[in-house]
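Q: What follows is a predicted structure for the sequence shown.
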Amino acid sequence: MGKATRAAFGEALAKIGRSHEKVVVIDADLSCSTQTAAFAKEFPERFIQVGIAEGNMIGVAAGLALGGMVPFAASFACFITGRFEQIRMSIGYNNANARIVGTHSGCGIGEDGYSQMGLEDLALMRSLPNIIVIQPADAIEAVRATEFLADYVGPAYLRLTRQGVDDIHPATYRFEFGSGEELRAGSDLAIVASGGVVGFALRAAEQLAKDGIEATVVNIHTIKPIDAGLLRRVGARCGRILTVEDHGIVGGLGSAVAEALSEVSDVAIRIHGVRGYGESGTHADLYARHRLDAAGIAAVAKDFVWPERRAEAAG
Amino acid sequence: MRSIEDLEKIARELRISSLEMITAAASGHPGGSLSSAEIVSALYFAVMRYRVGEPRWPGRDRFILSKGHGCPIVYAALARAGCIDRAILPTLRQLGSPLQGHPDHVRLPYIEAATGSLGQGLSVAVGLAMAERLDAANDYNVYCLLGDGEVQAGQVWEAAMTAGKYQLGKLTAIVDYNKVQLDGHVRSIMDIEPLPSKFEAFRWHVREVDGHDLRDLLAAFESSRQATDRPTLLVAHTVKGKGVSFMEDTHAWHGKAPSKDELERAVAELTATA
């Protein structure tokens, strides 16, 4: 298990501060959790502490952006995107050059339970026309995505994990905004995943291979704008797409894939994610319960693939 | 420097323009435009630095209309100053117009930030004032006009706390305290008193002014420039619907357009006081 993507983000941000004088960080009393504390230590004059007031944080970020700065406003995904009306008005509608960073996304945060879990943030952020949405799958991708965002101009949302995740990329990895990444090729189904669960999707594919199911695995780090071309290609090859995410099943990656393919493809899509409200537990227990660990993803994939195989065998 | 009489005359013109626009649009918010006419006249014709034809001139002072529904009076001021073509004023609220029903930063570059969802503008103004301080290349003042009703929103106090903590001396907020909001009188909906001492407790420099007295307003804006170690709040006591007898001090004209006949009567009253 590698680092949490929030940790990689925090380290990258502190480095970026040295080369990017206009980068400014806004915190609402969670810098030790979101990992912006490293930036705060090195650049106290460019670290703004607004206290537990996320709505104000969003407005201040918009004002800083309109004044020519390059703000990163970070909090837990649920708290910051919960200030949706402020994001929509002050950042989205103004097309303000502000970065919103939501850490502690998904049920993977574990023991703190539902009140701290970002399970609807992708649905909210994806709904605004001009906000790009990025979710790195591992630490190195989080570093590269943070570097990309430091130079990107426009409103953006970055979604990060509390918990450590598998390292799936080499240190030389290059982040290509807007491009999906095919990590494994197979023709029985395509598992399209995003965030920390990409590592579990890869492990699930190995398990499936032992049962004779060859899965394509795609990492979607840029959820908006999504790589529709790649989705069409893997959909045409496999006939089935299973989307996997640590987010509610409404409005997240699965919805983004379905929207992208709804008018151009007749591929079968199954959306897999968190159902219902979250609850306390270890992240391993929660991932097992929601079938988001490798065994769970493999089981869902088999449900998806085997009925048809059985029909073929019978035919 | 314009005389007080000029600024008063401009305020009357802006009132008439606002009512003409709202009548042409057949919708809009006359009461809160009329109450802020002198405040807007002072800001756009005596206080703020800006360049006509260069909406993004870096040295311009920044104005955020947090009470976004009051935009007709700002559009009227932008036209009077020559920033936008007077001929587009009748397009208010029409499809394709830069004069949206509430201010739009992208469609109209002279608007510093979109507003209209109340309670949010002061946070953006705080961010602008912070950016002014953080970047040595920046040098501007930030003005933010709030409605009295919107002070009921919690985010206003979050922003006020932040401005006080960071001692944003270049930030001046003005509350257009016309005592009336959409559903009725502010004191009966949700009393915001004691407003001055609340902001003082948040470490602001506070001044109460007659929001229809341009001498008083100019002196207050001058005092805000002197207060360099604190943000300034001007509590501007005004009258909702000011200048039109049948619109004054009533929520009935918060968000209703006059008929052509009502417009004629209003313009006659405003012209008679000239």
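A: Arrived safely. Residues are numbered from 1 along each chain as shown, chains lettered A, B, ... in the order given.
Q: and residue B:8, what element?
A: Counting by DSSP states H and E, the element that carries residue B:8 is helix B:4-25.
Q: The closest residue to chain A within the stretch 101-250 of chain B: neighbour count?
A: Nearest residue of the stretch 101-250 of chain B to chain A (C-beta to the nearest C-beta) works out as residue B:127 at 2.0 Å. (Each C-beta comes from the backbone N, C-alpha and C, glycine too.) A count of nearby residues for residue B:127, using other C-beta atoms under 10 Å in any protein chain shown, gives 36.
Q: With adjacent residues omitted, what lies nearest to it?
A: Nearest-residue entry for residue B:127: residue A:63, 2.0 Å, with adjacent residues in sequence omitted and distances by C-beta to C-beta, 6 or more residues apart in numbering or on different chains.
Q: who touches that neighbour in this structure?
A: With contacts taken as C-beta atoms under 8 Å, 6 or more residues apart in numbering or on different chains, residue A:63 has the following neighbours: A:90, B:113, B:123, B:124, B:125, B:126, B:127, B:128, B:129, B:130, B:131.
Q: So which of those residues are in helices?
A: Counted as lying in helices by DSSP state H, out of these, are B:123, B:124, B:125, B:126, B:127, B:128, B:129, B:130, B:131.
Q: Next, give phi and psi for residue B:172.
A: Dihedral angles of residue B:172 (phi, psi; degrees, to the nearest 10) stand at phi -120, psi 120.
Q: swap in residue A:111?
A: Per degrees, to the nearest 10, the backbone of residue A:111 is at phi -60, psi -30.
Q: got a pLDDT number for the closest residue in space to it that isn't next to it in sequence?
A: When the adjacent residues along the chain are set aside, residue A:111 lies closest to residue A:280, with 5.3 Å between them (C-beta to C-beta, 6+ apart). Per-residue pLDDT puts residue A:280 at 97.
Q: Check the one 10 residues further on too.
A: Model confidence at residue A:290, given as pLDDT, is 98.
Q: In the chain, what residue spans correspond to strands?
A: Picked chain A for this. Secondary structure of chain A, counting by DSSP state E: strands at A:23-27, A:47-49, A:70-76, A:99-103, A:132-134, A:156-159, A:181-184, A:189-193, A:215-219, A:222-224, A:240-248, A:268-274.
Q: hm, I was asking about chain B
A: Along chain B, counting by DSSP E, strands occupy B:62-65, B:142-147, B:171-177, B:180-181, B:184-185, B:205-210, B:232-237.
Q: Make TSV out of these and add mean pLDDT and distance to residue A:96.
A: Putting those into TSV (pLDDT from 0 to 100; distance: least, C-beta to C-beta, whole Å) gives the following:
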stretch	mean pLDDT	distance to residue A:96
strand B:62-65	98	13
strand B:142-147	98	16
strand B:171-177	98	18
strand B:180-181	96	28
strand B:184-185	96	35
strand B:205-210	98	28
strand B:232-237	98	25
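Q: which of the strands of chain A sits most buried?
A: Counting by mean count of other C-beta atoms under 10 Å in any protein chain shown, strand A:189-193 has the highest mean neighbour count of those, with a mean of 30.
Q: got the angle between that strand and strand A:240-248?
A: 20 degrees (axes from the mean of the first three to the mean of the last three C-alpha atoms, to 10 degrees).
Q: What strands flank strand A:189-193, and is each parallel or antiparallel?
A: Sheet pairing here is set by DSSP bridges, and for strand A:189-193 it gives strand A:215-219 (parallel), strand A:240-248 (parallel).
Q: Quick one: mean pLDDT for it?
A: If you average the pLDDT over strand A:189-193, you get 98.
Q: Can you pull out the residues in contact with it?
A: Residues from elsewhere that reach strand A:189-193, judged by C-beta under 8 Å, 6+ apart: A:137, A:180, A:200-201, A:204-205, A:213, A:215-220, A:231, A:234-235, A:237-245, A:253, A:257, A:297, A:301, A:304-305.
Q: quick revisit: which one of the strands of chain B lies closest to residue B:84?
A: Checking the strands of chain B against residue B:84 by C-beta to C-beta gives strand B:62-65 as the closest, at 14.3 Å.
Q: Counting by contacts, list what that closest one packs against.
A: Using 3 or more C-beta pairs under 8 Å, 6 or more residues apart in numbering or on different chains; DSSP states H and E as the contact criterion, the secondary-structure elements in contact with strand B:62-65 are helix B:71-81, helix B:121-134, strand B:142-147.
Q: what about chain B, any weak spots by pLDDT?
A: Of all residues in chain B, those with pLDDT under 70 make up the ranges B:273-274.
Q: which bits of it sit near chain A?
A: B:62, B:104-106, B:112-117, B:120-132, B:134-135, B:138, B:154-155, B:158-159, B:161-162, B:166 (C-beta under 8 Å from any C-beta of the partner chain).
Q: Now, of those, which are buried?
A: Buried by 16 or more other C-beta atoms under 10 Å in any protein chain shown: B:62, B:104-105, B:112-117, B:120-132, B:134-135, B:138, B:155, B:158-159, B:161-162, B:166, out of those.
Q: related to what we said a few turns ago, I'd like the ones in helices among the contacts of residue A:63 laid out as JSON lines, including distance to residue A:23.
A: Output for the ones in helices among the contacts of residue A:63, formatted as JSON lines (distance: C-beta to C-beta, whole Å):
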{"residue": "B:123", "distance to residue A:23": "20"}
{"residue": "B:124", "distance to residue A:23": "19"}
{"residue": "B:125", "distance to residue A:23": "22"}
{"residue": "B:126", "distance to residue A:23": "19"}
{"residue": "B:127", "distance to residue A:23": "15"}
{"residue": "B:128", "distance to residue A:23": "17"}
{"residue": "B:129", "distance to residue A:23": "19"}
{"residue": "B:130", "distance to residue A:23": "14"}
{"residue": "B:131", "distance to residue A:23": "12"}
